[in-house]
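1. the following comprises the amino acid sequence and a computationally predicted model.
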Protein chains: 2
Amino acid sequence: MSDSKSGVTGERVQPGLVFAADLGGTHLRAATVDEKGKIHFRLKQSTPQAEKADEIVRALVLAVRACEDQSASAGYGISAISVVVPGTVNVEDGVIVKAPNVPCLDGFRLAAALEGELKRPAILENDANAAAVGEMWQGAGRGLSTIVCVTLGTGVGGGIILDGKLWRGVDGSAAEIGHMGVDPFGGVACTCGSRGCLEVYASATAIVRMTREARPRYPSSELHTSEHLTSEQIYHAGLDGDELALEVFRRMGVYLGIGLANLINIINPSMIVIGGGVVNGWKLFEKHMLQQVAERAFPLPARRVKIVKAECGDDAGLLGAARLAFAVEGRSV
Amino acid sequence: MSDSKSGVTGERVQPGLVFAADLGGTHLRAATVDEKGKIHFRLKQSTPQAEKADEIVRALVLAVRACEDQSASAGYGISAISVVVPGTVNVEDGVIVKAPNVPCLDGFRLAAALEGELKRPAILENDANAAAVGEMWQGAGRGLSTIVCVTLGTGVGGGIILDGKLWRGVDGSAAEIGHMGVDPFGGVACTCGSRGCLEVYASATAIVRMTREARPRYPSSELHTSEHLTSEQIYHAGLDGDELALEVFRRMGVYLGIGLANLINIINPSMIVIGGGVVNGWKLFEKHMLQQVAERAFPLPARRVKIVKAECGDDAGLLGAARLAFAVEGRSV
């Protein structure tokens, strides 16, 4: 293949990798990925706590250079740049519309800035959308074309793939599954301005909050001893049989199940993939989640849908970013 | 055009109409429709309270014959048959999977039966899906390609069109917007088996139920005088300033707004079209609905979406059925 290409262009074309980056509020993770989904090289660093977008661009350019040096020694070139961010993205224009955790990027034309520095095509995507693409390409959704991916992390993100295409909505803001009201009258305020969103019951942040709130009712819980609680700790307590932790994951499962039943009735997907750190608590919330789905979703789509754990872990977004870069020419995702 | 066609087939081809039928639990409405969306002839009759699917087939065949006689005299032929039903449809196989209001059709291959009798292509569609297509073709959604249609009738139906294509889901059961939980812990049971669905707060049936439930708290309401309540009566009472009616439509607007905010956050459409009989109460519920959307939906997609009344009235389903028949060759909807 590269020979025939070099025949056309007159240059030797190296086998193609893409540079994929997952730009989080805390960490910038990057990797070179080949067309089969293999990660060749990866790096992880702190996201610059930048006041100007230029610093983010510089960090990304340096990451590309580092990956490039490493790839070149193995005989590979980097043909495209793909960055996923935690926020609303105008994919067509390569603009970050709103990124609450990296606010210096609001309104910034990141794709054009990267193309200018790196002289290669660059694309952007929302991180939860990319995770859905990654799971369909290399994870739980392999071989399927209509899946919903729910990412339970610090917040709750979502990605919807319909007939093999990412559904972004008319403004790139679709699939905000974390901001579906699952207890609209329950009164828990969400950072989005609404109340009773899935995110306030099923995120890692929510697990910790619900544990703190319920502690007075569980005086013998082992979770009293810890001031700095994490969802991981709570999950481990649950595995040990701690009643407080079990109650929190029960509630979380109920709310998640209500949200999934809505998605099943509205979208009728082949699969719902659940990822993010909170999925570690699967054993503790699965039964409660599935019970709500059984009680609330229509029988036909409920029988159809497989509800499964994500398989790509932290790499879902990176892999999805890579897949989207490879697909740009064919516009197949 | 017809001349060039006749040159190929050797026959004179008449200008094409399609036969569209909207098979409800109570009425069978049918019409001949041309490619521009003009209804040429229409008829309405009671739906046979049939125990066998054959009786429904016979009623449809007779309706086609009646339309055909009328069309032939005007020089038109009927090129295809399109029937919409209140239930889950396997469009590809032309099978009615489940139609709670016309149970004799459950599992019936209606398209094949009609093709056998009428020697013309026949297609099926869910009625709320067809209404969405009708509104995009000839109604409020003209010129748009991504809309959600919510039909507030005896129940609450939905249709979702994404980038110009009806989204049916993997089993043809998507867009069950009426069965999104908008007060999952509120406890009102729904016929679907779940609790707190949009349908139990925003359908005509719900308007009547909520009025009956709230009557004891409004002793001076004019709605006490009537034993046989209808949503129409309640709407008129509201226009007269009746406090009970106003409270019922306020609640209905709140629940509807919660549901629409979910749809906006998940789908990010250009427009939400609201149809069905209950939309007559628009003036009474609009403000409350929009307030919930403003409080709960993300700002970007909430600014984008137009929330409007349907424009095709009772004909939305018929028109959508016709459009789908015309589109079958091109598979464009």
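-> That came in fine, so what should we check first? Numbering: from 1, shown residues only, chains lettered A, B, ... in the order given.

2. grab the most central residue of chain A for me.
-> Chain A has A:Ala128 as the residue nearest its centroid, 3.2 Å off, counting by Cα atoms, centre = their mean.

3. shaky segments in chain A?
-> The model of chain A has pLDDT under 70 over residues A:1-15, A:329-333.

4. helices of the stretch 51-200 of chain A, start to end?
-> Here the stretch 51-200 of chain A has its helices, by DSSP state H, counting those that start in this stretch, at A:53-73, A:110-118, A:127-138, A:199-202.

5. closest to chain B out of those helices?
-> Nearest of the helices of the stretch 51-200 of chain A to chain B, taken as Cβ to the nearest Cβ: helix A:199-202 at 10.9 Å. Any C-beta I mention is one placed from the backbone N, CA and C, and that applies to glycine too.

6. residues contacting the nearest residue to A:Gln291 once chain neighbours are set aside?
-> Residue nearest to A:Gln291 in three dimensions, not counting chain neighbours: A:Gly257, with 6.5 Å by Cβ to Cβ, 6 or more residues apart in numbering or on different chains. Residues near A:Gly257 by Cβ atoms under 8 Å, 6 or more residues apart in numbering or on different chains: A:288-293, A:296.

7. kindly report the same for A:Leu246.
-> A:238, A:284.

8. ok, the nearest residue to A:Ser220 once chain neighbours are set aside - contacts?
-> The shortest distance from A:Ser220 to any residue other than its chain neighbours is 7.8 Å, reached at A:Glu243 (Cβ to Cβ, 6+ apart). By Cβ under 8 Å, 6+ apart, the contact set of A:Glu243 is A:218, A:220-221.

9. what subset of the residues you listed is buried?
-> Among the contacts of A:Glu243, those buried by neighbour count (16 or more other Cβ atoms under 10 Å in any protein chain shown) are A:218, A:221.

10. most proximal residue of the stretch 101-250 of chain A with respect to chain B?
-> Residue nearest to chain B within the stretch 101-250 of chain A (Cβ to the nearest Cβ): A:Gly169, separated by 2.4 Å.

11. dump the helices of the stretch 51-200 of chain A into JSON lines; add distance to chain B as well.
-> Formatted as JSON lines, the helices of the stretch 51-200 of chain A follow (distance: least, Cβ to the nearest Cβ, whole Å):
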{"stretch": "helix A:53-73", "distance to chain B": "20"}
{"stretch": "helix A:110-118", "distance to chain B": "18"}
{"stretch": "helix A:127-138", "distance to chain B": "12"}
{"stretch": "helix A:199-202", "distance to chain B": "11"}
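
12. what's the burial count for A:Gln233?
-> By other Cβ atoms under 10 Å in any protein chain shown, the residues close to A:Gln233 number 18.

13. give the contact list for it.
-> Shown in contact with A:Gln233 (Cβ under 8 Å, 6+ apart): A:223, A:226.

14. so it: helix, strand or coil?
-> Using DSSP: H, G, I helix; E, B strand; the rest coil, the structure places A:Gln233 in helix.

15. A:Glu213 versus that one, what's the distance?
-> Look at A:Gln233 and A:Glu213: by Cβ to Cβ, to the nearest Å, they are 16 Å apart.

16. what segments of the stretch 151-300 of chain A are strands?
-> A:156-162, A:165-166, A:271-275 (DSSP state E, counting those that start in this stretch).

17. anything in the second one near chain B?
-> The reference is to strand A:165-166. No - using Cβ under 8 Å from any Cβ of the partner chain, strand A:165-166 never reaches chain B; the gap is at least 8.6 Å.

18. run a quick neighbour tally on the closest residue to chain B within the stretch 201-333 of chain A.
-> At 2.4 Å from chain B, A:Asn268 is the closest residue in the stretch 201-333 of chain A, using Cβ to the nearest Cβ. Counted by other Cβ under 10 Å, the residues lying close to A:Asn268 total 27.

19. equivalent analysis for A:Ser73, please.
-> 9.

20. measure it to B:Val95 for me?
-> Here the distance between A:Ser73 and B:Val95 works out to 59 Å (Cβ to Cβ).

21. now swap in A:Val308 and tell me
-> In terms of Cβ to Cβ, A:Val308 sits 29 Å off from B:Val95.

22. and what of A:Gly196?
-> In terms of Cβ to Cβ, A:Gly196 sits 39 Å off from B:Val95.

23. comparing those two, which residue is more hemmed in?
-> Between A:Gly196 and B:Val95, counting by other Cβ under 10 Å, A:Gly196 is the more crowded of the two (24 against 19).

24. buried set for the longest helix belonging to chain A?
-> Secondary structure of chain A per DSSP state H: the longest helix is helix A:243-267. For helix A:243-267, a neighbour-count test (16+ other Cβ under 10 Å) marks A:243-249, A:251-267 as buried.

25. with stretch A:219-233 instead?
-> Buried residues in stretch A:219-233, counted by 16+ other Cβ under 10 Å: A:221-223, A:229, A:231, A:233.

26. first to last residue in that stretch, what's the distance?
-> Stretch A:219-233 has an end-to-end distance of 17 Å (Cα to Cα, to the nearest Å).

27. stretch A:100-111 too?
-> This stretch, stretch A:100-111, spans 18 Å end to end (Cα to Cα).

28. distance between that stretch and the chain's centre?
-> Relative to its parent chain, stretch A:100-111 has a centroid offset of 18 Å by Cα atoms, centre = their mean, to the nearest Å.

29. stretch A:184-201 too?
-> Remark: stretch A:184-201 is offset 20 Å from the chain centroid, using Cα atoms, centre = their mean.

30. what about the closest residue in space to A:Ala130 that isn't next to it in sequence, neighbour count?
-> In space, A:Ala130 comes closest to A:Gly320 once its chain neighbours are excluded; the distance is 3.3 Å by Cβ to Cβ, 6+ apart. Burial of A:Gly320 is recorded as 35 neighbouring residues (other Cβ under 10 Å).

31. quick check: bridge partners of A:Ala30?
-> Counting by DSSP bridges, A:Ala30 is bridged to A:Ala21, A:Leu43.

32. would you confirm that it contacts A:His40?
-> No - A:Ala30 is not in contact with A:His40 according to Cβ atoms under 8 Å; the separation is 11.5 Å.

33. okay, these two: which has more neighbours?
-> More crowded of A:Ala30 and A:His40, by other Cβ under 10 Å: A:Ala30, with 27 against 14.

34. give me every residue that touches that one.
-> For A:Ala30, the contacting residues are A:19-22, A:42-44, A:60, A:63-64, A:67, A:318, by Cβ under 8 Å, 6+ apart.

35. report the buried members of these.
-> Listed as buried from the contacts of A:Ala30 are A:19-22, A:60, A:63-64, A:67, A:318; burial here means 16+ other Cβ under 10 Å.

36. domain assignment for chain A?
-> Domain ranges of chain A: A:2-132, A:140-311, per automatic domain parsing.

37. mind putting those in JSON lines, distance to B:Ile56 included?
-> JSON lines is the format used below for those (distance: least, Cβ to Cβ, whole Å):
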{"stretch": "domain A:2-132", "distance to B:Ile56": "42"}
{"stretch": "domain A:140-311", "distance to B:Ile56": "22"}
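
38. which of the ones you listed has the highest mean neighbour count?
-> Mean neighbour count, computed with mean count of other Cβ atoms under 10 Å in any protein chain shown, is highest for domain A:140-311 among the domains of chain A, reaching a mean of 21.

39. so how far is it off the chain centroid?
-> Put simply, domain A:140-311 sits 14 Å off its chain's centre (Cα atoms, centre = their mean).

40. where does A:Gly37 fall, phi/psi-wise?
-> Reported as degrees, to the nearest 10, the phi and psi values for A:Gly37 are phi 90, psi 10.

41. that one: what's it in contact with?
-> For A:Gly37, the contacting residues are A:137-138, A:319, A:322-323, by Cβ under 8 Å, 6+ apart.

42. now A:Val102
-> Counting by Cβ under 8 Å, 6+ apart, A:Val102 touches A:23, A:25, A:47, A:50, A:56, A:85-87, A:96.

43. what is the nearest of the residues you listed to chain B?
-> Chain B lies nearest to A:Gly87 out of the contacts of A:Val102, by Cβ to the nearest Cβ, at 10.8 Å.
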